[in-house]
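1. Provided below for reference: sequence and predicted model.
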Amino acid sequence: MIHKYQLGGLYIILDVNSGGVHVVDKLTYDLLDYVKPPFENNCPEEILEKLQENYSIQELQDCYQELKSLYEQKILFSNDEYEKFAKFATSAPVKAMCLHIAHDCNLRCQYCFASTGDFGTGRKLMPVEIGKKAIDFLLEKSENREQLELDFFGGEPLMNFDVVKQVVLYAREQEKKYNKHFRFTITTNGMLLNDENINFINQEMSNVVLSIDGRKCVNDKMRPTPNGKGSYDVILPKFKKLVAQRDKNLDYYVRGTFTKYNLDFSDDVFSLYQADFDQISVEPVVADSKYDYAITEEDLPAIFAEYEKLAQRLLEQDRKNQHFNFFHFMIDLNAGPCAIKRLKGCGCGNEYVAITPDGDIYPCHQFVGIEEYKMGNLEDNTFDLDMKEKFAQSHIYNKSKCRDCWAKFYCSGGCNANNYQYQGDILESHELSCELEKKRLECAIMIQAVKMLENQPISESSTAYKHC
Amino acid sequence: MKHIMTINKANLVESAKKGGCGKCQASCQSACKTSCTVANQKCEKEEK
């Protein structure tokens, strides 16, 4: 399977199963409308007839030989050789956890999937005993995995910061006994950040996700305080301080959500960049189409154009040596995750679980509060292994729309929670999310192609790098 | 090649042979929390 597209002045061919990315000239791009394996010694007459009005027979024959050579190298029209690995996709050790340290929040974000912080289950803070039991659970269920991840999430985790500290302390003691290592992260709206918790976060958290939507007007419309005031002016200086004091080798992201109200979201990304942040993620809202702010199919052309604009802005900044990173455009075409990792998405319900303040276990934070997806409880020592197995089997070959999709090794079947929320089935892909993901991937691959081509000498005889 | 430039190693098949160790990060833990992209992650196996 191949995917061919034009973007950023390039004709790009992705060979889906090998991961090969080829930049080609228009002749090749047009020829690939007709050429399919098996290859013959020479380009078939009927193909030549179709294209000889625009190209010479010799050019077409030469190009056909180039395509044939790539096919023989198994980097064009290569076979999908991975389904055999999916058969081994069984229940795996739990290695990551989302700890809902506070089901309460001090903001009233309009699009909150957690029902303003309590996930519809009542406002409460996690007791330290539950936090410690969660650590014990992860240490035990991670079996031979040494690297463990724990994200302090909410609601707003800083509303229960004392327990965050105690849980970190406990985990640091326990990890030595088990010869494991915890990587902590925290996701915060910033309202309660102060010198003390900034120091602790920068010392203990390998990543911190700072929630802010971009421009002040956009942020304050969607992320107000309970009394209706904007949060931007409170959080921005605190986020700046945290990032300024953070070790440059540690990760952070400023993370925003865009909605139908700000389809010009590249301006929000840029606004964050201009506020001195260089690690940025701005994502489409997850919301039922009944809400005014929900993204719907009619928004896709505008969003696609915006992603393209953002990709160009990122490249322009790069040329000026003023780099910033957009999370959804990150891709390593040479050394990304292995093919086996790519068969399944986030690992939710199998390698990854969420724990509520009551000790309830869910497949991930987005399933919290959905009773039929409750997997167990830390207090009564229950854990539904049948459900775990069901999530273990949620790989691309069990998702009908993924099997024949060119993006399957990049999004890896998408978000099971999105699938459930929109389609009612974790295996049923949500078309709108898929379209957005595919556009982001096209942009991400194009950015890498442009960067590479701009940084290497091009043979004078090559016609591949010719602007569309 | 005149008409085609291959810009990467196209090593997915090779990665499968040595892959599947499970040491890498769970993708939702990084920055997203509401979507899923796996290809932007790093391989964390010590020996490649």
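-> Thanks, I have it.

2. Contact residues of the stretch 351-468 of chain A facing chain B?
-> With C-beta under 8 Å from any C-beta of the partner chain as the criterion, the stretch 351-468 of chain A comes near chain B at residues A:351-352, A:364-366, A:409-415, A:418, A:433, A:436-437, A:440-441, A:444, A:448-449, A:452-453, A:458, A:461-465. For every residue, glycine as well, the C-beta is placed using N, CA and C.

3. In chain B, which residue sits nearest chain A?
-> Distances between chain B and chain A by C-beta to the nearest C-beta are smallest at B:Gly19, namely 2.6 Å.

4. Assign the closest residue to that residue other than its chain neighbours to helix, strand or coil.
-> Sequence neighbours aside, A:Cys338 is the residue nearest to B:Gly19 in space, at 2.6 Å (criterion: C-beta to C-beta, 6 or more residues apart in numbering or on different chains). Three-state call for A:Cys338 (DSSP: H, G, I helix; E, B strand; the rest coil): coil.

5. A:Cys338: neighbour count?
-> For A:Cys338, the count of nearby residues is 23 (other C-beta atoms under 10 Å in any protein chain shown).

6. so where's chain A shaky on pLDDT?
-> For chain A, the stretches flagged by pLDDT under 70 are A:457-461, A:465-468.

7. residue closest to the middle of it?
-> For chain A, the residue nearest the mean C-alpha position is A:His328 (6.0 Å; C-alpha atoms, centre = their mean).

8. quick one, phi psi at that one?
-> Torsion angles at A:His328 (phi, psi; degrees, to the nearest 10) stand at phi -80, psi 0.

9. Need the nearest residue in space to it, chain neighbours excluded.
-> With C-beta to C-beta, 6+ apart as the criterion, A:His328 has its nearest non-adjacent residue at 4.6 Å, and that residue is A:Arg440.

10. swap in A:His22?
-> A:Ile13 is the one closest to A:His22 (C-beta to C-beta, 6+ apart), at 4.3 Å.

11. you'd agree that neighbour is in a helix?
-> No: checked against three-state DSSP, A:Ile13 lies outside a helix; its state is strand.

12. Pick out the residue of chain A closest to chain B.
-> A:Cys338 (2.6 Å).

13. OK, contacts around that residue?
-> Residues in contact with A:Cys338 (C-beta atoms under 8 Å, 6 or more residues apart in numbering or on different chains) are B:15-16, B:18-20, B:43, B:45.

14. Please pick the buried ones from the residues you listed.
-> With neighbours counted by 16 or more other C-beta atoms under 10 Å in any protein chain shown, the contacts of A:Cys338 contain buried members at B:15-16, B:19-20, B:43, B:45.

15. So which of these is the closest to A:Asp220?
-> Here the nearest of the buried ones among the contacts of A:Cys338 to A:Asp220, counting by C-beta to C-beta, is B:Cys43; it sits at 40.3 Å.

16. Is the closest one in a helix, a strand, or coil?
-> Per three-state DSSP, B:Cys43 ends up coil.

17. Strands of chain B, residue ranges please.
-> B:4-6 (DSSP state E).

18. and the gap between the residue nearest in space to the middle of it and A:Lys399?
-> Centroid-nearest residue in chain B, with C-alpha atoms, centre = their mean: B:Ala39, separated by 5.0 Å. Distance, B:Ala39 to A:Lys399, using C-beta to C-beta, to the nearest Å: 17 Å.

19. Same check on B:Cys24?
-> 21 Å.

20. What's the PyMOL syntax to select whichever of the residues of the stretch 351-468 of chain A next to chain B are buried?
-> Only the buried entries of these go into this PyMOL selection, using 16+ other C-beta under 10 Å:
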select buried, chain A and resi 351+352+364+365+366+409+410+411+412+413+414+415+418+433+436+437+440+441+444+448+449+452+453+463+464+465
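
21. Which ones among the residues of the stretch 351-468 of chain A next to chain B map onto helices?
-> Among these, DSSP state H puts A:409-411, A:418, A:433, A:436-437, A:440-441, A:444, A:448-449, A:452-453 in helices.

22. Pick out whichever of these sits closest to A:Tyr29.
-> Of all those, A:Tyr29 sits closest to A:Ala449, with 13.7 Å by C-beta to C-beta.

23. Show me which residues of the stretch 101-250 of chain A sit near chain B.
-> A:113, A:145-147, A:149, A:151, A:153, A:183, A:185, A:187, A:207, A:209.

24. Now the phi/psi pair for the residue lying closest to A:Asn106 once chain neighbours are set aside, please.
-> The shortest distance from A:Asn106 to any non-neighbouring residue, by C-beta to C-beta, 6+ apart, is to A:Met191 (5.0 Å). Note on A:Met191: backbone dihedrals following degrees, to the nearest 10 are phi -60, psi -40.

25. now A:Phe184
-> Main-chain torsions, A:Phe184, degrees, to the nearest 10: phi -100, psi 140.

26. The one 3 residues further on too?
-> For A:Thr187, the backbone dihedrals are phi -120, psi 120 (criterion: degrees, to the nearest 10).

27. which SSE is the closest residue to it other than its chain neighbours in?
-> Nearest non-adjacent residue to A:Thr187, counting by C-beta to C-beta, 6+ apart: A:Val209, 4.2 Å away. Here A:Val209, judged by DSSP states H and E, is contained in strand A:205-211.

28. Give me the phi and psi angles of A:Leu10.
-> Here A:Leu10 shows phi and psi, under degrees, to the nearest 10, equal to phi -120, psi 150.

29. For it, grab the count of nearby residues.
-> Neighbour count of A:Leu10, defined by other C-beta under 10 Å: 22.

30. I'd assumed A:Asp25 was in contact with it.
-> No: assessed by C-beta atoms under 8 Å, A:Leu10 is found out of contact with A:Asp25, at 10.1 Å.

31. gap between A:Lys290 and A:Phe113?
-> Shown here: A:Lys290 relative to A:Phe113, a distance of 14 Å by C-beta to C-beta.

32. Low-confidence regions, chain B specifically.
-> For chain B (pLDDT under 70), the answer is B:27, B:29-31, B:46-48.

33. those helices in it, which residues are they?
-> Taking DSSP H, the helices of chain B run over residues B:12-18.

34. ok so, going back, I'd like the buried ones among the contacts of A:Cys338 as TSV, with distance to A:Glu66 appended.
-> Output for the buried ones among the contacts of A:Cys338, formatted as TSV (distance: C-beta to C-beta, whole Å):
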residue	distance to A:Glu66
B:Ser15	25
B:Ala16	27
B:Gly19	30
B:Gly20	34
B:Cys43	31
B:Lys45	34
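
35. nearest to A:His395, of the residues you listed?
-> Distances from A:His395 to the buried ones among the contacts of A:Cys338, taken by C-beta to C-beta, are shortest for B:Gly20, at 12.2 Å.

36. Identify the residue spatially nearest to the closest one, adjacent ones excluded.
-> Leaving aside its sequence neighbours, B:Gly20 sits nearest to A:Ile340 (C-beta to C-beta, 6+ apart; 3.7 Å).

37. Enumerate every residue touching A:Ile2.
-> Neighbouring residues of A:Ile2 by C-beta under 8 Å, 6+ apart: A:13-16, A:32, A:76-77, A:406.

38. Narrow those residues to those that are buried.
-> By neighbour count, with 16+ other C-beta under 10 Å, the contacts of A:Ile2 hold A:13-16, A:32, A:76-77, A:406 as buried.

39. Distance of the closest residue to A:Ala89 other than its chain neighbours relative to A:Tyr293?
-> Once flanking residues are discounted, A:Ala89 sits nearest to A:His395: 5.0 Å by C-beta to C-beta, 6+ apart. To A:Tyr293, A:His395 is 33 Å away according to C-beta to C-beta.
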